[in-house]
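In: Let's see this in three dimensions:
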Amino acid sequence: MKHLELQGKKRITGKKADVKSVRKEDRVPCVIYGAGVENTAFSVDEKALKALTHTPYSHIVDLDIEGAKHEAILKAIQYHPVTDRALHVDFLALDPAKPVTIEVPIKITGNSVGVRQGGKLNVPTRKLKVCGMIEKLPDELPVDITELGLGKQINAGDLKFDGIQIVSPKGTLVCAVRATRNSAAAAAETAE
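Out: Residues are numbered from 1 along each chain as shown. Model (predicted):
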């Protein structure tokens, strides 16, 4: 899995004025907790944070908070309802000896038989939640749809990957090929 480095600066907590002053400096208030780390309030540069939040990929974040280094994942983020600026970010510190649960993007590969017959590919799920050791986590989950015919689908329970376990519900629809008018007309012509 890809790593992303962020530089943090400790911040004072307690008053709204403290948080507002952090945001005026184009920094985002953050907190890190978990894996034997004492809860630490800090801030990161807003532009640097966009490399983590404005991408379809998931990252392991290498945080450097004034010399203290931590491996973490993005746990939660709050956005302003109008401007969509990040207001606050929670990071979860990782223990390298324990498995990590994180969302990983799906990458559809291949050319489906059903699509070639005139069907339409539907991909309602873009990410699946997986669990595994940090070194085993993939950047993306490849899903081959070459043999996917008309009216067929792939669920999360149908997928298997080495070294990781899919935690998303087994019934989560990953992709399906739906029949269209063109595919129905083509099927009627071949039947005649």
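In: Only C-alpha atoms from now on, for both contacts and neighbour counts.
Out: Noted.
In: Buried residues of whichever strand or helix holds Val31, list them for me.
Out: With elements delineated by DSSP states H and E, Val31 resides in strand 27-34, which encompasses its position. When burial is assessed from 16 or more other Cα atoms under 10 Å, strand 27-34 yields the following buried residues: 27-33.
In: Check stretch 100-111 too.
Out: Buried positions in stretch 100-111, judged by neighbour count with 16+ other Cα under 10 Å: 100-106, 108.
In: any idea which of the residues you listed is closest to Arg181?
Out: Ile108 (24.0 Å; Cα to Cα).
In: Any chance of the backbone angles for the closest one?
Out: For Ile108, the backbone dihedrals (degrees, to the nearest 10) come out as phi -80, psi 130.
In: and it, what does it touch?
Out: Shown in contact with Ile108 (Cα atoms under 8 Å, 6 or more residues apart in numbering): 142-145.
In: Any of those buried? List them.
Out: Using 16+ other Cα under 10 Å as the threshold, 143, 145 are the buried ones among the contacts of Ile108.
In: In JSON lines, list the contacts of Ile108 along with distance to Asp95, pLDDT and secondary structure.
Out: Conversion of those to JSON lines gives the following (distance: Cα to Cα, whole Å; pLDDT from 0 to 100; DSSP: H, G, I helix; E, B strand; the rest coil):
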{"residue": "Pro142", "distance to Asp95": "27", "pLDDT": "95", "secondary structure": "strand"}
{"residue": "Val143", "distance to Asp95": "29", "pLDDT": "95", "secondary structure": "strand"}
{"residue": "Asp144", "distance to Asp95": "33", "pLDDT": "95", "secondary structure": "strand"}
{"residue": "Ile145", "distance to Asp95": "36", "pLDDT": "94", "secondary structure": "coil"}
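In: Which elements pack onto the strand holding Val31?
Out: helix 16-24, strand 37-45, strand 86-93 (3 or more Cα pairs under 8 Å, 6 or more residues apart in numbering; DSSP states H and E).
In: which residues does Val28 contact?
Out: Neighbours of Val28 in contact, by Cα under 8 Å, 6+ apart: 22, 43-46, 86-89.
In: So which bits of the longest strand anywhere in the chain are buried?
Out: Looking across the chain with DSSP state E, the single longest strand is strand 68-79. Buried positions in strand 68-79, judged by neighbour count with 16+ other Cα under 10 Å: 70-74.
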